[in-house]
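J.: Sequence and predicted structure below; questions after.
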Amino acid sequence: MSSEDPSYALIVTDISIKNNVAISIAYIHICDKPIVKTIHYAVNITSTKAKLFSIRYDINQATNIQEILKIVIIIDLLYVTQKFFDSLSYLFQVHSMSILKELRKFFIQNHNNSIEFLECLSQCSWSLYKAVDKETKLFNSLP
């Protein structure tokens, strides 16, 4: 698999919370080019719920792109992704069920389809993640 492969979607996502306002920005890249950019605002939401919503929406967007076989999601807190695979976690069931429903459809479409989650911490110097991280902080600093 290569970043030049059109069947591969790379999602780089980050969230910034300041004064009870969460800003989520995600870019979906195909063939090393951003093709979708999403920005979401939420008020009075926990960081975990904001990240789960962002992942949920990103998966929905990527699975609706024709010919995508592999989705890679880059996130700064990998442990959050474990929350939607925990069926006993009542607080996150709405997001969990929605994410799992999307993934089920994605895997049924083609048995070769796959998804991978990778962690990239905020202090990382990877250019794609740094750009998204900087942009979320910039949006959240606006009055």
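T.: Noted; the coordinates are in hand. Residues are numbered from 1 along each chain as shown.

J.: For residue 34, see how far away the residue nearest to residue 53 when sequence neighbours are not counted is.
T.: Closest residue in space to residue 53, ignoring its immediate chain neighbours: residue 95 at 6.3 Å, by CB to CB, 6 or more residues apart in numbering. To be clear about C-beta, it is placed using only N, CA and C from the backbone, and glycine gets the same treatment. Distance of residue 95 to residue 34, given as CB to CB, to the nearest Å: 25 Å.

J.: Can you get me a residue count around the residue nearest to residue 53?
T.: 21 (other CB atoms under 10 Å).

J.: Does it touch residue 50 like I think?
T.: No - the pair residue 95 / residue 50 is not scored as a contact, 10.3 Å apart, by CB atoms under 8 Å.

J.: immediately after the least confident helix or strand in the chain by mean pLDDT, which helix or strand?
T.: Within the chain, confidence by mean pLDDT, DSSP states H and E is lowest for helix 79-83 among all helices and strands, at a mean of 67. As assigned by DSSP states H and E, the chain's next helix or strand after helix 79-83 is helix 93-109.

J.: what is the mean pLDDT for that next one?
T.: Average pLDDT, helix 93-109: 84.

J.: for it, packing partners?
T.: helix 47-63 (3 or more CB pairs under 8 Å, 6 or more residues apart in numbering; DSSP states H and E).

J.: Which helix or strand contains residue 17?
T.: If you go by DSSP H and E, residue 17 is part of strand 8-18.

J.: Would you mind checking the average pLDDT for that strand?
T.: 86.

J.: Could you list the paired strands of that strand along with their orientation?
T.: strand 21-30 (antiparallel), strand 70-75 (parallel) (DSSP bridges).

J.: For the following helix or strand past the longest one, C-alpha coordinates in PDB please.
T.: Yep, that's strand 21-30 we're talking about. Next helix or strand after strand 21-30 toward the C-terminus (DSSP H and E): strand 33-43. Taking Å, rounded to 0.1, in the frame of the first residue of the first chain, the C-alpha atoms of strand 33-43 are listed here in PDB:
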ATOM      1  CA  LYS A  33      -4.000  15.200  -1.800                       C
ATOM      2  CA  PRO A  34      -6.600  16.500   0.600                       C
ATOM      3  CA  ILE A  35     -10.000  15.900  -0.900                       C
ATOM      4  CA  VAL A  36     -12.300  16.500   2.000                       C
ATOM      5  CA  LYS A  37     -11.900  19.000   4.900                       C
ATOM      6  CA  THR A  38     -14.400  19.000   7.800                       C
ATOM      7  CA  ILE A  39     -14.700  21.400  10.700                       C
ATOM      8  CA  HIS A  40     -17.100  20.800  13.600                       C
ATOM      9  CA  TYR A  41     -17.900  22.900  16.600                       C
ATOM     10  CA  ALA A  42     -19.500  21.600  19.800                       C
ATOM     11  CA  VAL A  43     -20.200  23.300  23.100                       C
END
